[in-house]
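J.: 3D, please:
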Amino acid sequence: MNRNMKTWLKDMVASPAKKALPVLSFPAIQLMDITVRELISSADRQAEGMRLVAERVKSAASVSLMDLSVEAECFGATIRVSDEEVPTVTGSIVKSEEDVDNLSVPPVGAGRTGIYVEAIGKAVKMIHDRPVLAGIIGPFSLTGRLMDVTEVMYALYDEPETVSKVLDKVTDFLIEYALRYREVGADGVVMAEPLAGLLTPAQAEEFSCKYVKKLIDRVQTDEFAVVYHTCGNAVPSMTKEIAAMGAAAYHFGNAVDMEDILKKMPPEAPCLGNIDPAGQFRNGTPESVREATLQLLEKCSKYPNFVISSGCDIPPASRWENIDAFFGAVEEFYGR
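T.: Below is the predicted model:
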């Protein structure tokens with residue numbers, strides 16, 4: 001039975017001592033001695049990886065793979081897969097108005113989406129002491145992967161109606177994808193919309209926020225939370241538009257000043273962030289991770305809605321001693 005996520009998040013904000021909630025899944029490959037390629041291809045391995053991570057760290061929730069290639073691949077995009085890095089999309093499949101018209105909305109289960117849904121269904125049967133959150137991409141970020149990031153930014157000015165048509169199709173798919181996660185028992189989804197961080201506030205409202213809000217209005221319930229992630233230097237200028245979407249919680253990348261964000265977001269909205277995933281978790285040291293974590297907590301813990309997290313998903317090759325140092329620093333700070 002799903003927990004009441006609305007109450008869970010409210011209690012988390014009210015708690016004076018908070019657990020960290022990083023986007024931590026891909027480093028499970030080190031605990032399992034497997035490759036990224038093997039992890040993304042198996043529901044059993046993904047579920048087991050989530051279980052092992054949950055056993056190792058005292059996180060507030062268990063978060064699934066933040067693989068921003070799986071939905072684009074489902075639509076027909078070509079992806080690049082390696083043993084050590086997160087998959088990426090190569091090229092584009094929407095290059096003309098005709099391509100837009102011919103773009104069909106795939107069923108959930110096509111490509112690897114079936115594997116990812118099955119993995120969450122298995123994970124919720126293994127992990128009972130914390131919420132289990134699936135991962136999905138945001139509408140504009142998926143559109144950018146189908147059209148090419150550079151081309152979609154030009155199209156916002158030259159062919160906005162084309163972008164809107166693609167957004168309509170991908171949003172319909174993402175709604176069904178999120179609903180399938182809800183059906184198999186997930187407590188929510190973390191939606192990654194990084195490309196929105198490249199937009200002006202007006203563009204964000206027209207080409208991202210209204211589509212995200214459509215999804216939130218359709219899938220979010222008291223028992224199923226949408227955690228919205230975005231990143232980029234433009235994000236501080238669009239907090240009004242972000243807050244208006246009505247997500248259950250918000251997650252911010254490490255390019256922004258977290259305290260600046262907290263000052264602008266509603267005090268009742270949980271705001272997560274934003275230790276540098278590459279700079280600290282992958283390339284830092286236990287000492288630098290501890291220092292960065294304590295500094296961020298010192299700066300932001302006075303805001304009750306602040307929950308410390310990674311700035312984005314923690315890379316597969318991140319050293320576990322760095323991850324352990326992060327959780328150790330959180331315990332150290334709140335144990336004072």
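
J.: Please make it C-alpha for all contacts and neighbour counts, starting now.
T.: Will do.

J.: For the helix or strand harbouring residue 330, list every residue counted as buried.
T.: Assigned by DSSP states H and E, residue 330 belongs to helix 320-334. The neighbour-count criterion (16 or more other CA atoms under 10 Å) identifies 320, 322-331, 333 as the buried residues of helix 320-334.

J.: pLDDT averaged over that helix - what is it?
T.: Helix 320-334 comes out with an average pLDDT of 98.

J.: returning to that earlier point: and the furthest pair within the buried residues of helix 320-334?
T.: Greatest spacing in the buried residues of helix 320-334, by CA to CA: 320 and 333 (19.9 Å).

J.: any idea how far residue 59 is from the nearest residue to residue 282 once chain neighbours are set aside?
T.: What sits nearest to residue 282 in space, not counting adjacent residues and going by CA to CA, 6 or more residues apart in numbering, is residue 318, at 3.8 Å. In this structure, residue 318 lies at 17 Å from residue 59, with CA to CA, to the nearest Å as the measure.

J.: How about residue 279?
T.: As defined by CA to CA, residue 279 lies at a distance of 21 Å from residue 59.

J.: And for residue 131?
T.: The spacing between residue 131 and residue 59, counted by CA to CA, is 10 Å.

J.: Just checking the distance from whichever helix in the chain runs longest to the centre of its chain.
T.: Ranked by number of residues, the top helix in the chain under DSSP state H is helix 160-183. What separates the centre of helix 160-183 from the centre of its chain is 16 Å, taken as CA atoms, centre = their mean, to the nearest Å.

J.: hang on, residue 272 is in a strand, isn't it?
T.: Yes - when DSSP: H, G, I helix; E, B strand; the rest coil is applied, residue 272 is found to be in a strand.

J.: in the sheet, who's paired with it?
T.: Residues in a beta bridge with residue 272, per DSSP bridges, are residue 251, residue 307.

J.: Give me the neighbour count for it.
T.: Residues lying near residue 272 (other CA atoms under 10 Å) number 26.

J.: Next: residue 213.
T.: The criterion is other CA under 10 Å. On that basis, residue 213 has 18 neighbouring residues.

J.: give me the element it is part of.
T.: Under DSSP H and E, the secondary-structure element containing residue 213 is helix 210-219.

J.: any idea which helix or strand comes after that helix?
T.: In N-to-C order, the element after helix 210-219 by DSSP H and E is strand 225-230.

J.: which helices and strands sit right next to that following strand?
T.: Using 3 or more CA pairs under 8 Å, 6 or more residues apart in numbering; DSSP states H and E as the contact criterion, the elements in contact with strand 225-230 are strand 188-192, strand 249-252.

J.: out of those, deepest packed?
T.: Highest mean neighbour count among the helices and strands packed on strand 225-230 (mean count of other CA atoms under 10 Å): strand 188-192, with a mean of 26.

J.: Any idea how many residues pack against the residue nearest to residue 301 when sequence neighbours are not counted?
T.: Leaving aside its sequence neighbours, residue 301 sits nearest to residue 307 (CA to CA, 6+ apart; 7.9 Å). Other residues near residue 307 come to 25 when the count uses other CA under 10 Å.

J.: looking at this, residue 118 is in a strand?
T.: No - checked against three-state DSSP, residue 118 lies outside a strand; its state is helix.

J.: residues touching it, list them.
T.: Under the criterion of CA atoms under 8 Å, 6 or more residues apart in numbering, the contact partners of residue 118 comprise 43, 184.

J.: Could you check how far it is from residue 166?
T.: Separation of residue 118 from residue 166 (CA to CA) stands at 27 Å.

J.: How about residue 245?
T.: Taken as CA to CA, the spacing of residue 245 relative to residue 166 amounts to 20 Å.
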